[in-house]
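> Fold the stuff below for me.
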Amino acid sequence: MTVRKWIVFILMASLTWSIGVSAQTEFPSLSAVAVVVYDADFDHVLYAKNPHQQRSIASLTKIMTILYVCELVQAGTIGLDDVVTASGNAASRGGTEIKLKSGDKFTVEELLYATALASANDAAVALAEYVAGSEQEFAKLMTKRAKELGLKDTNFVDATGLLSIFSGNYSTAYEMALLSRFAMENELFCRFVSTKEYDLKPQNKTIRNSNVLLHEVEGVNGIKTGATTPAGHTLITSVNREGRNLIVVVLGAPSREVRNEESEALVEYAYDRLETVIPKDEVITRVNVPDGVTHLVGAVLPQDLSLFVFNEQDRQIETKVELASVRAPLEKGDKIGELVVVRAGEEYGRMDLVSDQSTGLASFLRRIWNRIIQFFARLF
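Numbers count the residues shown, from 1 in each chain. Reported below is the predicted structural model:
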């Protein structure tokens, strides 16, 4: 990689902006046992209730089941068109199911849709056995992958979530938020969890995604529902509005209806407080581009810098600009640096800075002349 010379300067010592008070001023009342509202773009927890409490997670377990199989597909280890023959063990799995029978043949893709949309335990076990020979061995692979992702309070002993914390299957609201963020960055995974309906051809029926919010709430694009007696009712919701990504984790709600209502209330509460700090296309600084026909370009954000504001501290940030050494020709939209967002003295996040126009490449004689001008400019 080419070594770049970074120029760092403070853009604003302290940026404070006026924010109107939303009509809804009180935080939603929550009966769920553990909750995390997570800014997936800036890797920041906006709100938490018992975030690190180890709990049974029910079918949220299938997030790792689906993700692990997707990663194998992307690595070329298995294919979406591979045919899986259901075992008697998979067919006998209870709970939510597509009613597999021993000897039924489905593709990996069909079983992934059944696992994601219908939360089918039998489909998840069939996938696990196809990949690892047994569900137990697959669960070991799931746990190993979780550790690789830095999840220290997560352990899997099955592919479905039917087993509880008392059997060693558990995670936390915080770590499920981290896993969900990682999973939603996987394009293949997203395809499955964001699909509302799917025609399951081997059974000549249409399955509908069990995530009610996916069908009813603006911007929801995943991720997974779950419910068992030890876990209560669980739901992880991924949302994208106005270019901003939010993940809401609700564990241990008393009912499906409460789970959905509290998740939706948290989504709306957060986006009601999404405030634009710096609009996209606003010139942050000017950048000299040697040898360009246009030799001065504006550094702009490709999308708004916006933040979820839950309290007074959220209103206080600093920003810094880090510019890379650039050369012509530049195209409009090319990255030329980064905007660093700082809160309470610590880096909060980064956004790309891009050129607001193309520069072209000056003629050979013009480039010589530019260098002469720059030489004397440095002298004087």
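> residue boundaries of the helices in the chain?
Secondary structure of the chain (DSSP state H): helices located at 62-75, 88-91, 108-117, 121-132, 135-148, 173-184, 187-193, 212-216, 256-272, 364-379.
> Can you work out which other helices and strands pack against the fourth one?
Contact analysis of helix 121-132 by 3 or more C-beta pairs under 8 Å, 6 or more residues apart in numbering; DSSP states H and E lists helix 62-75, strand 83-85, helix 88-91, helix 108-117, helix 135-148 as its packing neighbours. Using the backbone N, CA and C atoms, a C-beta is placed for each residue, glycine as well.
> Let me see the residues that make contact with the third one.
Judged by C-beta atoms under 8 Å, 6 or more residues apart in numbering, the contacts made with helix 88-91 from elsewhere in the structure are 100-102, 104, 122-123, 125-126, 129, 135.
> burial count for S306?
Each residue near S306 was counted by other C-beta atoms under 10 Å, and the total is 17.
> one step back: export the helices of the chain to JSON lines and tack on mean neighbour count, distance to D41 and mean pLDDT?
JSON lines is the format used below for the helices of the chain (neighbours: other C-beta atoms under 10 Å; distance: least, C-beta to C-beta, whole Å; pLDDT from 0 to 100):
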{"stretch": "helix 62-75", "mean neighbour count": "22", "distance to D41": "19", "mean pLDDT": "98"}
{"stretch": "helix 88-91", "mean neighbour count": "18", "distance to D41": "38", "mean pLDDT": "98"}
{"stretch": "helix 108-117", "mean neighbour count": "26", "distance to D41": "24", "mean pLDDT": "98"}
{"stretch": "helix 121-132", "mean neighbour count": "26", "distance to D41": "30", "mean pLDDT": "98"}
{"stretch": "helix 135-148", "mean neighbour count": "17", "distance to D41": "23", "mean pLDDT": "98"}
{"stretch": "helix 173-184", "mean neighbour count": "24", "distance to D41": "9", "mean pLDDT": "98"}
{"stretch": "helix 187-193", "mean neighbour count": "19", "distance to D41": "16", "mean pLDDT": "98"}
{"stretch": "helix 212-216", "mean neighbour count": "17", "distance to D41": "20", "mean pLDDT": "98"}
{"stretch": "helix 256-272", "mean neighbour count": "19", "distance to D41": "12", "mean pLDDT": "97"}
{"stretch": "helix 364-379", "mean neighbour count": "11", "distance to D41": "38", "mean pLDDT": "65"}
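> coming back round to it: and the helices and strands packed on helix 121-132: which comes nearest G226?
Comparing those by their distance to G226 (C-beta to C-beta), the top pick is helix 62-75, with 7.8 Å.
> Quick one: distance of that closest one to the chain centre.
Relative to its chain's centre, helix 62-75 lies at 15 Å (C-alpha atoms, centre = their mean, to the nearest Å).
> Give me the contacts around it.
So helix 62-75 is contacted by 78-80, 108, 112, 115-116, 119, 124, 127-128, 131, 138, 141-142, 145-146, 156, 159-161, 176, 179-180, 182-183, 186, 188-189, 192-193, 223-224, 226, 236 (C-beta under 8 Å, 6+ apart).
> Also stretch 38-46?
36-37, 51, 174, 177, 180-181, 184, 238, 244-249, 270, 307-308, 310, 341, 348-349.
> In contact with the closest residue to E216 other than its chain neighbours: list those residues for me.
Once flanking residues are discounted, E216 sits nearest to E264: 8.0 Å by C-beta to C-beta, 6 or more residues apart in numbering. Taking C-beta under 8 Å, 6+ apart, we find E264 in contact with 213, 216-217, 237.
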